[in-house]
Every structure is written in C-alpha cells, then in structure tokens.
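# Fold the following and give me the result.
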Amino acid sequence: MLTLAALALIVTIGTGGVLLTLRIQRAEQRAAPAPAPAPVVAATAGVRTPENVVERVVLVLKRRKAARAVLSLLSVGLLLGAAGMMGYPFYTNVYQDRLQSQLDRQLASPDLRDAYVNRSVGEGDSLTQIIIPRIDVDTIVVEGTTASALRAGAGHYPSTPLPCEVGNVAIAGHRTTYGKPFHALDVLEPGDRITLKTPIGQCTYEVERSWITVPTDVAVVDNTPGEARLTLTTCHPKGSARQRLIVTATMVSAEAFDA
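The predicted structure follows:
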C-alpha cells in the first residue's frame, strides 16, 4: 500500500497536469484568430529561447495538441488511481463488517461446534472470537491466513494449535484494511488481557512482550510444547508489509462450556 506522502505526490502531479492543459486550452480560446501566414523570415530576433525544462514542456504543449491530450489522459488516470487507492481501505472495512455479521452467526451454530470438536473447521470459517479490551478489539477470527481468509480481518495459522489448547496458538490480523482489528496492536503492554472464545470454551492470555521482526521470521509461530501461549502478528509499520509486529502472551485462565 502506498504511503500518504506517495498518494499526495500522485494527486499533486495529476492535478498539476490537468490544470496546465486547461490553462493552455483557455489561453488558445481567448487568443485572437491568427493572421494570414507571413513570408518566411530567416531572422529570429526577439524570440526568447526556453530557459528550463518546464518552459520547454509548456512550449511543446502549446504547439502540439496531441501532447496535451496525452498529458490530460495521464493526469486523469493518476487522479482516478489515487482516488481508488484512498477509497480501497473504506471498501475493505465495509466488506469486513458485513462478513463479520455472517461469521458471528456461524460461530454460534451447532454445525460449527461439531466441526470444531472434530478439528475440521474449513478455511475461512469461524474459529474463535478474540477480545482485547485495551485496544477495543472484538472480532471473529477465521481458520487460515490466506489472502481470501484474512478478508475477515484476522485468521488462525492452521499449523498451530486450536485456540485455548496447549502450545503456541498464532493469529494474524490486518492493521490498515479489512476492519483493521490489529491497528493498535503496538499499544499493548505487559499485563494486558486477551480473551479467546471458542464454540467449546474460552481462555484468557496475559501479554508478555512485543517486538518487530522481518516477514521471513516464521519461528515466531513455532510450537511451544507444554506451554499455553498466544502469538499475534501484523504488518509494520502501518500501511507497509516491510516488517512484522509480534505480540506474545501466556494463558492465565481457561474454562470449558457445558456440552
């Protein structure tokens, strides 16, 4: 995703191109009709030579309508592209909100409970509800971390234990799109609580620490036999996939729901 600075530059260039071509066209419309062609004179006295690149570009645009047409098309294209990129996060948030309503109903269904017990929850289906009071997170986590699954906002790494089981339960979440559930993950501090609610029970984890690493550091989701832990991952910095923000927590309580 482009940064705000890059988007601002695109908008500036696109707007400048449109305004420049419009200004030249209006100047031509206001100009008086050209006089009849005069005899060619070899002398060029009084004609000022363009002194810089900008003046040369303006001169070319004045003389060639085709060049102005190309610049106009490119400028409009840049503006439309920028508008699309700025509107994309809004679209994904609306999409995720609607999807969450469906997932919430699915999580409470008997069929999902049976699939959970049999460890056969399909990719993209509801798996658990994650609640982080400190950063006002309350969202349904689906099974899987593919691009399609993560349209729900957050997804469970299939290679890790199910929520509330012993081992390293790992969940990835978006930070700037699709509801951005992990937008403020960097605000969490040691001692903050994270609760996972599943079809068969719930558990609470206590944050230990957070750090930044590279996307290729897959060891952060390695299993921890004998230890009930939770690892949350998201992109860093916001709007970039250059690094990963990692938050780890340890289970402090758990309870099973009545069958």
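# in the sheet, who's paired with Ile131?
Counting by DSSP bridges, Ile131 is bridged to Asp138, Thr195.
# give me the low-pLDDT residue ranges for the stretch 1-150 of the chain?
1-14, 16-65, 67-68, 71-72, 75-89 (pLDDT under 70).
# repeat that for 50
Within the stretch 1-150 of the chain, the ranges that satisfy pLDDT under 50 run 1-2, 41-44.
# Would you map the helices across the chain?
4-30, 53-63, 65-107, 110-117 (DSSP state H).
# Does Thr213 touch Arg244 like I think?
Yes - with contact defined as C-beta atoms under 8 Å, Thr213 counts as touching Arg244 (5.3 Å). Just so you know, the C-beta spots here come from the backbone N, C-alpha and C atoms, and that holds for glycine as well.
# who has more neighbours, these two?
Applying other C-beta atoms under 10 Å to Thr213 and Arg244 shows that Arg244 carries more neighbours, namely 18 against 15.
# Spatially nearest residue to Ile135 (excluding sequence neighbours)?
Nearest non-adjacent residue to Ile135, counting by C-beta to C-beta, 6 or more residues apart in numbering: Ala184, 4.2 Å away.
# What is the burial count for that neighbour?
Using other C-beta under 10 Å, Ala184 has 15 other residues around it.
# ok, now Tyr205?
Counted with other C-beta under 10 Å, residues neighbouring Tyr205 total 28.
# how much space between it and Cys164?
9 Å (C-beta to C-beta, to the nearest Å).
# Mutual contacts of these two, please.
Common neighbours of Tyr205 and Cys164 (criterion: C-beta atoms under 8 Å, 6 or more residues apart in numbering): 196, 251.
# Find me the pLDDT at Asp258, would you?
Asp258 carries a pLDDT value of 70.
# Tell me how far it lies from Phe90.
For Asp258, the distance to Phe90 equals 42 Å [C-beta to C-beta].
# neighbour-wise, which of these two wins?
More crowded of Asp258 and Phe90, by other C-beta under 10 Å: Phe90, with 10 against 5.
# ok, now how distant is that one from Thr234?
Distance of Phe90 to Thr234, computed by C-beta to C-beta: 20 Å.
# which residues sit in contact with the closest residue to Glu208 other than its chain neighbours?
Excluding its sequence neighbours, the residue lying closest to Glu208 (C-beta to C-beta, 6+ apart) is Thr248, at 5.1 Å. Counting by C-beta under 8 Å, 6+ apart, Thr248 makes contact with 207-210, 220, 229-232.
# who does Thr248 bridge with?
Beta-bridge partners, per DSSP bridges, of Thr248: Arg209, Thr231.
# Break this protein into its domains for me.
4-36+52-91, 108-256 (automatic domain parsing).
# so which of those is the most packed in?
Of those, the one with the most neighbours on average (mean count of other C-beta atoms under 10 Å) is domain 108-256, at a mean of 18.
# End to end on that one, go ahead and measure it.
End-to-end span of domain 108-256 (C-alpha to C-alpha, to the nearest Å): 15 Å.
# before we move on, what about stretch 125-137?
In terms of C-alpha to C-alpha, the two terminal residues of stretch 125-137 are separated by 19 Å.
# Residues contacting that stretch, please?
103-104, 106-107, 112, 115-116, 121, 138-143, 154, 156, 162-163, 171, 181-185, 187-189, 192-198.
# show me where the stretch 101-250 of the chain has strands.
Under the criterion DSSP state E, counting those that start in this stretch, the stretch 101-250 of the chain contains strands at 126-132, 137-143, 154-156, 167-173, 193-198, 201-213, 228-236, 243-256.
# So what touches the fourth one?
Strand 167-173 has contacts (C-beta under 8 Å, 6+ apart) with 130, 139, 141, 145, 150, 153-157, 160-163, 181-182, 185, 196, 220-225, 227-234.
# quick one on the thing from earlier: distance to Leu99 added to the strands of the stretch 101-250 of the chain, as CSV?
Converted to CSV, the strands of the stretch 101-250 of the chain look like this (distance: least, C-beta to C-beta, whole Å):
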stretch, distance to Leu99
strand 126-132, 10
strand 137-143, 9
strand 154-156, 12
strand 167-173, 14
strand 193-198, 18
strand 201-213, 22
strand 228-236, 18
strand 243-256, 24
